[in-house]
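*Asks:* Okay, sequence plus prediction incoming.
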Amino acid sequence: MELTELLKTKFNYDRFRPGQQEIIETLLSGKSVLGMLPTGTGKSLCYQLPGYLLEGTVIVISPLISLMEDQVTQLQRLGEKRAVALNSLLSSWEKQWILSEAHKYKFIFMSPEMFLAPHVQKTLQAMRVSLVVVDEAHCISQWGIDFRPEYLKLADGIKSIGDSLVLALTATATKTVREDIQRLLFDHAVPEVIYSVDRPNISFFVYQEDKYKRLQKLLGSLDGSGIIYCATRKKVEELYEALKQNYAIAYYHGGLSGQERRMLQQQFLSGDLQLLIATNAFGMGINKENIRFVIHYDLPDSPENYLQEVGRAGRDGNPSQAILLYEEGDEHIHHFLQEQTNQSKKLFEIKQKIDGLVFEDPLIKKWEQFFPNDESHLLDLLSQRGTTKKVQLQKMLDYITTSQCRRKFLVAYFGETLPEKNPNCCDNDGAILPEKKGEREIVTDVLPWEKIIQKIFKNVEKD
């Protein structure tokens, strides 16, 4: 079956998006590949489609449970029953059962920790694994936005399960990060399929004024559904309380239960919710094509994260807006988090000198778990990452104050140039927000999402 035919019959798409076919054909030719495609351009298809043409199971390594579950749900909607997420939400019995039936699955999603677990490695060694996908591959680089020490062990784990093809996927990786991925994941240089981080249909705007007043004006004029990102759970809930009486709105952060998060995702995807206020815990893998705007109520900590998050808008290719609201001092939350990293480094140095000292730090704990005899490397890494975080944050502040083209500024950070510019590029180039089609309807009888969930469960109990 030709690729375009399979694309239509299995996924109901008429044509490939840029980069997809190149990655798929490289894999089908028997070569591993590193792919960088912009957020929202269908990276998951790059392993789903060849998975049906390669004999054996596809293992997808993902850093987030929510991302795994979203991908499994998407495959199930396409009629694929042989997809499962093997993660920490499962009971011990459920994990054992999945591993005993692992050879029957076409797609198995798991975290790097799960993939590296000895009993999982033993199971995979006895199977035919055709492809190992390392999603969010920038996590392998200390210069990446979400460095994860366990990613450094993936190369050894992949080698131990046999001769599998490897696909590394990311949306936001600088040249330095891509070089790290090549060096740390593959035993030789592999082909790269690299496309620009730019999303031409998204226009960029920055407002430096009273954020809440500006937000109210925006919500009164912007059409369609949107996401409002905040830096902390506290701010997410504060904003929700201020707006919940007037809009079909909900909030989302990592403090909600898995069941609550799934319910909210479904409501947002189906259009029952017009707006979602969220931390960056929301968005990865969410396939809602008609999000018209993404508003950052708080300052993102890096251009990488910013482009990841605004990339949730306009996946249907239609004009969309990325709006950043800023008040002086918004960067202080990130300075505080950076200082926590500095304190971790200092505490680790003290710990080396005082035998028996115990303290909790997620990054250090993870490092000691995977690299128990390499403490000097960790100290260097903490110092380097501290410097990197400062540079990334300063770039975001420069983005706010630049009088030049904002799109050009962002792509230049990734070492790219713009061949041509969208006429409605950014506010510095004369872009304007879409004209009002009338004020956004203010809803006066919206039930808070907590009440909606309670109502649903009561109806289930009656049945």
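*Replies:* Thanks, I have the structure now.

*Asks:* Whichever helix in the chain runs longest: which residues count as buried?
*Replies:* Longest helix of the chain, by residue count under DSSP state H: helix 375-401. Buried residues in helix 375-401, counted by 16 or more other CB atoms under 10 Å: L378, L381, L382, R385, G386, T388, K389, Q392, L393, K395, M396, Y399. C-beta here means a position set from N, CA and C on the backbone, and glycine is covered the same way.

*Asks:* Quick check: the second one vs V391, distance?
*Replies:* As for L381, its distance to V391 is 16 Å (criterion: CB to CB, to the nearest Å).

*Asks:* Over to the first one?
*Replies:* From L378 across to V391, the span is 20 Å (CB to CB).

*Asks:* hmm, back to that, could I have the CA atoms of the next helix-or-strand element following the longest helix of the chain written out in CSV?
*Replies:* Using DSSP states H and E, the helix or strand that directly follows helix 375-401 along the chain is helix 406-413. Taking C-alpha atoms only, helix 406-413 is exported to CSV below (Å, rounded to 0.1, in the frame of the first residue of the first chain):
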residue,chain,number,x,y,z
ARG,A,406,9.0,39.5,17.0
ARG,A,407,8.8,36.5,14.7
LYS,A,408,12.3,37.2,13.4
PHE,A,409,13.5,37.5,16.9
LEU,A,410,12.1,34.1,17.9
VAL,A,411,13.4,32.2,14.9
ALA,A,412,16.8,33.8,15.2
TYR,A,413,17.1,32.3,18.6
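
*Asks:* mean confidence score for helix 406-413?
*Replies:* Helix 406-413 shows a mean pLDDT of 95.

*Asks:* any idea which helix or strand of the protein has the worst average confidence?
*Replies:* The helix or strand of the chain with the lowest confidence, counting by mean pLDDT, DSSP states H and E, is helix 449-462 at a mean of 51.

*Asks:* returning to that earlier point: TSV for the buried residues of helix 375-401, including distance to S221 and pLDDT?
*Replies:* Output for those, formatted as TSV (distance: CB to CB, whole Å; pLDDT from 0 to 100):
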residue	distance to S221	pLDDT
L378	49	76
L381	46	78
L382	45	77
R385	40	80
G386	41	82
T388	38	87
K389	35	88
Q392	32	93
L393	31	94
K395	30	97
M396	26	97
Y399	24	98
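
*Asks:* Check the residues you listed against S320 and report the nearest one.
*Replies:* Nearest to S320 among the buried residues of helix 375-401, counting by CB to CB, is Y399 at 18.3 Å.

*Asks:* ok now do that closest one, which residues does it touch?
*Replies:* For Y399, the contact set (CB atoms under 8 Å, 6 or more residues apart in numbering) comprises V206, P303, Y306, L324, R406, F409, L410.

*Asks:* show me where pLDDT drops low in the stretch 151-300 of the chain?
*Replies:* Applying pLDDT under 70 to the stretch 151-300 of the chain picks out residues 284-285.

*Asks:* Which parts of it are strands?
*Replies:* Here the stretch 151-300 of the chain has its strands, by DSSP state E, counting those that start in this stretch, at 165-170, 192-194, 202-208, 225-229, 249-252, 275-278, 291-296.

*Asks:* The ones you listed into JSON lines, with extra columns for mean neighbour count and distance to E101?
*Replies:* Shown next, in JSON lines, are these (neighbours: other CB atoms under 10 Å; distance: least, CB to CB, whole Å):
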{"stretch": "strand 165-170", "mean neighbour count": "25", "distance to E101": "23"}
{"stretch": "strand 192-194", "mean neighbour count": "18", "distance to E101": "34"}
{"stretch": "strand 202-208", "mean neighbour count": "21", "distance to E101": "43"}
{"stretch": "strand 225-229", "mean neighbour count": "23", "distance to E101": "37"}
{"stretch": "strand 249-252", "mean neighbour count": "25", "distance to E101": "33"}
{"stretch": "strand 275-278", "mean neighbour count": "26", "distance to E101": "35"}
{"stretch": "strand 291-296", "mean neighbour count": "24", "distance to E101": "37"}
